[in-house]
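Enquirer: I'll drop the sequence and a predicted model, then ask my questions.
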Amino acid sequence: MIPLSQNLPSPFFLPLFSAWSSAFGVLPAHKPVPLQDSSLVSWVPGWPGGGPGPTWASARILGRHPKPLARPHRPGFTLTHSFPGEIFELKAELNSDKKEKKKEAVKKVIASMTVGKDVSALFPDVVNCMQTDNLELKKLVYLYLMNYAKSQPDMAIMAVNTFVKDCEDPNPLIRALAVRTMGCIRVDKITEYLCEPLRKCLKDEDPYVRKTAAVCVAKLHDINAQLVEDQGFLDTLKDLISDSNPMVVANAVAALSEIAESHPSSNLLDLNPQSINKLLTALNECTEWGQIFILDCLASYMPKDDREAQSICERVTPRLSHANSAVVLSAVKVLMKFMEMLSKDLDYYGTLLKKLAPPLVTLLSAEPELQYVALRNINLIVQKRPEILKHEMKVFFVKYNDPIYVKLEKLDIMIRLASQANIAQVLAELKEYATEVDVDFVRKAVRAIGRCAIKVEQSAERCVSTLLDLIQTKVNYVVQEAIVVIKDIFRKYPNKYESVIATLCENLDSLDEPEARAAMIWIVGEYAERIDNADELLESFLEGFHDESTQVQLQLLTAIVKLFLKKPTETQELVQQVLSLATQDSDNPDLRDRGYIYWRLLSTDPVAAKEVVLAEKPLISEETDLIEPTLLDELICYIGTLASVYHKPPSAFVEGSRGVVHKSLPPRTGSSESAESPEAAPTGAPPGEQPAVIPAQGDLLGDLLNLDLGPPVTGPPLTAAPVQMGAVDLLGGGLDSLMGDEAEGMGGTNFAAPPAGTMPANLGAPIGGGLGDLFDLTSGVGSLSGSYVAPKAVWLPAMKAKGLEISGTFTRQVGSISMDLLLTNKALQVMSDFAIQFNRNSFGLAPAAPLQVHAPLSPNQTVEISLPLNTVGSVMKMDPLNNLQVAVKNNIDVFYFSTLYPLHILFVEDGKMERQMFLATWKDIPNENEAQFQIKDCPLNAEAVSSKLQASNIFTIAKRNVEGQDMLYQSLKLTNSIWVLAELRVQPGNPNLTLSLKCRAPEVSQHVYQAYETILKN
């Protein structure tokens, strides 16, 4: 993780900064971006509805010392074409005998390359200029070489001898320049020739060369990891940690950390007390960026005891006074982590708390963008250890000229620091903020007053009084926010402040926001016995019932039922009206279900209804917006990175193939957890016993999963009890009834398997027989025939693409995704130089190879091409989810079109879930994530359905027959590891199938249903 820099651009403009970097070649020096990825920006002027924005290659906030390079280039994809005469003149000047003339010529070449001209034809001539003692000229030539080596790999080999020679040059600057350039040339053919020069540079007598070579190892590892390991460069890097020069140590640590990120399981940074001591010694002498690398490395170390942790903290503490905010935050991260191991009784613990406050306060005197990042980190620190800044409330008071994003963060931290000691000061500030002109800020300030009342009980009365004063201002949005927070205060302190209800009811007509209307309705329903005209108030809301939001409708339904239970004789007509509206006239399933529940409760047992609906409510918690403790501990380990700004772990927003290591704080001193086992058993569990994921044997689901573990036993044949299938719940009472037949006989001891062929169709397998027909135990590999392929459709008509017509479809064959294209030239001129690029999309679809059109496309000629695709491209959620925007370039122009790809091409071959996991996952996914669909006019039996779906990697996990209906339980997995579980109901003689889908990402359910329908109907 690379920390924050004082030169950091605004967090809101980070994507802009990254896009500018990729467009104009400002690439992180530690890891060059492949030219074929970044250079495409030069020929796509802009996507319809948004350009190809950046993606973060890791959770870093900035690269390490970005160095400006020339604009990346690919031959044929240029903004400007060089004229033959110009190329000829430059060639003549490059071969001149005069050094100055040669240098000026190379400068012209670099200038042309920077503005996008194609000067690759001069490659041999520029490479010949490498043989020079002039350092400036050599730098220019190396710059050109880095840019064009990828497109001219054969010619780039010509430069190898010069690299080898330069690595032995007496001038250390030239040696370092040579080894740096070697690392930036990402050509496999050349890497093996560069191993020997790199080995010499790693052991060079000059530290400047050694530190450059250390970074080069990380770059070479990214190109060819196996080569680096075989050549022993990793061991040499580890040796450099003991180097006498602090900058060499810092770069060695940086390189090993970078390599370790791509190999999370490897233990490259094998830290021990001796190596930690060397790092701490180097910490005082190296540059600020070197200090950041070393501090990040220290943060991943686990001290063996509290004495070692205290010793490290003492040596890291001076970094808190550093001028660079990135160093400060990295030091804070180390101290926050190691403080977990210190006893709170130690004098040093209190001293450390006092030392942490001033540097954090100092960060808030920087420019607003840096303040925002600091505040996001402070927010985490305050949640973990509020005592650090408990006396620094005033620094979080909002200034009139603070940007809104800074104001809102300060407001949040003020609430977290609010206590009985400072609440008067905080309330006075918040009341002042509520009169500001910024509407969003005022809303947050009013909500903050309510949060103060809930957090500090002694201040509740003063907060309510302040809110009433604000309501009297009659400012619409202030009144509405005040009503929302007063509802929460009523929940926290029941029967204490209800005297204000009359004032709230006076403002009923001014409420137009759903949340405020819902809050007011809740108050009226909850305290209906104290409001004389409660029925009239609720009836006024009922007039526009169907125009209200779902939130208001649900609240209104509950409030009227409460009113009916409190005043049954007066409101019978009202409750019948709302129940009718909710159950018969509404399309919302949540509203309809709640309506039916209330209706059945009221009609069958009014006493039970009263106990349920008017039950005493639990008091709301003081802090409902705190980050979950486990996640907070992980985020503390990422202080100073993007994760601490987003308040999300890197795995939530970093795309790519790198493994993600979940970090956690060390166990507190005296904790039973061990440092080696962060996931310790829960308190009270016997030693060595792991928490069971599968339910206990006595549980029905547990019994289901253990049915086939024992040997067959003899006894009378099993008889089945009829299973009642619910009209709405496709699982007929949930997963526990999946084996209802067998479960009925659980208590028996002697069950025999009936003879083969005699078991009725609606019975499961014999208990001892291993769940035979219930769980399909065949292998989870998809059919080699491949999934269903839709016929080609015209994606780009000729009239929109100057005569080029593109038709196509998508296929998946044995794990490989392809885009099958049909290119037709309906113009009067030859078409050539074809290329293709995808915009960022929901699943990272990208071409795995260039678009190969081997011969020019003549008029009226058609060519078929199969373009291999992968799913490692940039990700951006599209609408609809399966929308793909494509740019195709030829010698005439660049053309754009969009198409929808069928989701089943993303169903992977290892999508067959284990049956235990299926059952546990189905129960674990919330019911609101379940979606139900009808597949009409599909006259197939269960075997044909299962076979068809398996060919497209939808696997049947379980099958059973219930009352003549076949129930198929299925799983599939998408390329981005999202699992989708399905239940498919097939009734013989009925052409309509019922599909129920459950998924942790419910937005994919609609597209999975479309895939089912497409596969089964074709």
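Expert: That came through fine.
Enquirer: ok, P797 - contacts?
Expert: E805 (C-beta atoms under 8 Å, 6 or more residues apart in numbering). Any C-beta I mention is one placed from the backbone N, CA and C, and that applies to glycine too.
Enquirer: quick one: it and L821, what's the gap?
Expert: For P797, the distance to L821 equals 14 Å [C-beta to C-beta, to the nearest Å].
Enquirer: which stretches of the stretch 851-1000 of the chain have low pLDDT?
Expert: Judged by pLDDT under 70, the stretch 851-1000 of the chain has no weakly predicted residues.
Enquirer: Do you have the strands of it handy? List them.
Expert: 862-870, 883-889, 894-900, 930-935, 955-962, 965-973, 979-986, 993-999 (DSSP state E, counting those that start in this stretch).
Enquirer: Can you add distance to T569 and give those back as JSON lines?
Expert: Shown next, in JSON lines, are the strands of the stretch 851-1000 of the chain (distance: least, C-beta to C-beta, whole Å):
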{"stretch": "strand 862-870", "distance to T569": "69"}
{"stretch": "strand 883-889", "distance to T569": "57"}
{"stretch": "strand 894-900", "distance to T569": "58"}
{"stretch": "strand 930-935", "distance to T569": "40"}
{"stretch": "strand 955-962", "distance to T569": "46"}
{"stretch": "strand 965-973", "distance to T569": "47"}
{"stretch": "strand 979-986", "distance to T569": "46"}
{"stretch": "strand 993-999", "distance to T569": "43"}
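Enquirer: would you turn the ones you listed into TSV with mean neighbour count and distance to V253?
Expert: Formatted as TSV, those follow (neighbours: other C-beta atoms under 10 Å; distance: least, C-beta to C-beta, whole Å):
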stretch	mean neighbour count	distance to V253
strand 862-870	15	33
strand 883-889	20	42
strand 894-900	16	45
strand 930-935	16	49
strand 955-962	22	46
strand 965-973	23	38
strand 979-986	23	39
strand 993-999	21	42
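Enquirer: Hmm, F895 is touching M799, no?
Expert: No: between F895 and M799 there is no contact under C-beta atoms under 8 Å: 11.5 Å.
Enquirer: Minimum distance to P153: which of the strands of the stretch 851-1000 of the chain has it?
Expert: Among the strands of the stretch 851-1000 of the chain, strand 862-870 comes nearest to P153, with 21.4 Å by C-beta to C-beta.
Enquirer: Report all helices and strands that the closest one contacts.
Expert: Packing partners of strand 862-870 (3 or more C-beta pairs under 8 Å, 6 or more residues apart in numbering; DSSP states H and E): strand 816-825, strand 846-847.
Enquirer: Go through these and name the closest to I404.
Expert: Closest to I404 of the helices and strands packed on strand 862-870, according to C-beta to C-beta: strand 846-847, at 37.0 Å.
Enquirer: Can you tell me which helices and strands the closest one packs against?
Expert: Contacts defined by 3+ C-beta pairs under 8 Å, 6+ apart place strand 846-847 against strand 835-838, strand 862-870.
Enquirer: Ok, which of these comes nearest G808?
Expert: Closest among the helices and strands packed on strand 846-847, using C-beta to C-beta: strand 862-870, at 8.7 Å.
Enquirer: in its sheet, what does the closest one sit against?
Expert: Counting by DSSP bridges, the strands paired with strand 862-870 are strand 816-825 (antiparallel), strand 846-847 (antiparallel).
Enquirer: re earlier: out of the strands of the stretch 851-1000 of the chain, which comes closest to S499?
Expert: Distance to S499, taken as C-beta to C-beta, is lowest for strand 930-935 among the strands of the stretch 851-1000 of the chain, at 44.4 Å.
Enquirer: starting at the chain centroid, how far to that closest one?
Expert: 27 Å (C-alpha atoms, centre = their mean, to the nearest Å).
Enquirer: and what of stretch 532-543?
Expert: On C-alpha atoms, centre = their mean, the centre of stretch 532-543 falls 45 Å from that of its chain.
Enquirer: which regions of the protein lie under the pLDDT threshold?
Expert: Residues of the chain that meet the criterion pLDDT under 70 lie in 1-84, 264-267, 622-625, 656-662, 667-786.
Enquirer: Please repeat the previous calculation with a cut-off of 50.
Expert: 1-81, 657, 670-785 (pLDDT under 50).
Enquirer: L537 versus D509, what's the distance?
Expert: The spacing between D509 and L537, counted by C-beta to C-beta, is 11 Å.
Enquirer: Between these two, which has more neighbouring residues?
Expert: Using other C-beta atoms under 10 Å, the more surrounded residue of D509 and L537 is L537, with 20 against 8.
Enquirer: Wait, S325 touches L363, no?
Expert: Yes: S325 is within contact range of L363, at 5.6 Å (criterion: C-beta under 8 Å).
Enquirer: which residues are common contacts for those two?
Expert: L370, A374.
Enquirer: on that earlier part again, switch the helices and strands packed on strand 862-870 over to CSV; also include distance to D440 and mean neighbour count.
Expert: Listed next are the helices and strands packed on strand 862-870 as CSV, based on distance: least, C-beta to C-beta, whole Å; neighbours: other C-beta atoms under 10 Å:
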stretch, distance to D440, mean neighbour count
strand 816-825, 44, 19
strand 846-847, 38, 17
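Enquirer: Out of these, which gets nearest to Q425?
Expert: Across these, closest to Q425 is strand 846-847 (C-beta to C-beta), at 55.1 Å.
Enquirer: For K566, give me its contacts.
Expert: Going by C-beta under 8 Å, 6+ apart, K566 touches A528, E529, L614.
Enquirer: Would you mind measuring from it to L602?
Expert: Using C-beta to C-beta, K566 is found at 13 Å from L602.
Enquirer: How about the secondary structure of K399?
Expert: Of the three states, K399 takes coil under DSSP: H, G, I helix; E, B strand; the rest coil.
Enquirer: Y901 contacts L845, doesn't it?
Expert: Yes: here Y901 lies in contact with L845, judged by C-beta under 8 Å, at a distance of 7.0 Å.
Enquirer: neighbour count winner among the two?
Expert: Between Y901 and L845, counted using other C-beta under 10 Å, L845 has the larger neighbour count: 27 against 22.
Enquirer: sorry, back to before: of the strands of the stretch 851-1000 of the chain, which is nearest I560?
Expert: Comparing those under C-beta to C-beta, the one sitting nearest is strand 930-935, at 28.0 Å.
Enquirer: Let me see the residues that make contact with the closest one.
Expert: Residues contacting strand 930-935 (C-beta under 8 Å, 6+ apart): 730, 992-998, 1002, 1005-1006, 1009, 1012-1013, 1016-1017.
Enquirer: how about 6 Å then?
Expert: If you take C-beta atoms under 6 Å, 6 or more residues apart in numbering as the criterion, strand 930-935 is touched by N992, L993, L995, S996, L997, K998, S1005, Y1009, E1013.
Enquirer: Equivalent analysis for stretch 460-470, please.
Expert: For stretch 460-470, the external contacting residues (C-beta under 6 Å, 6+ apart) are K431, A434, I449, C452, A453, V478, A482, I486, Y493, Y497.
Enquirer: State the helix or strand in which the fifth one lies.
Expert: A453 belongs to helix 439-455 when assigned by DSSP states H and E.
Enquirer: Following element in sequence after that helix, please.
Expert: Downstream of helix 439-455, the first helix or strand assigned by DSSP H and E is helix 460-471.
Enquirer: Hey, what's the angle from that following helix to helix 439-455? Just curious.
Expert: Going by axes from the mean of the first three to the mean of the last three C-alpha atoms, to 10 degrees, helix 460-471 is angled at 160 degrees with respect to helix 439-455.
Enquirer: Now do the buried residues in helix 460-471.
Expert: Along helix 460-471, these residues count as buried under the neighbour rule (16 or more other C-beta atoms under 10 Å): A460, R462, C463, V464, T466, L467, L470, I471.
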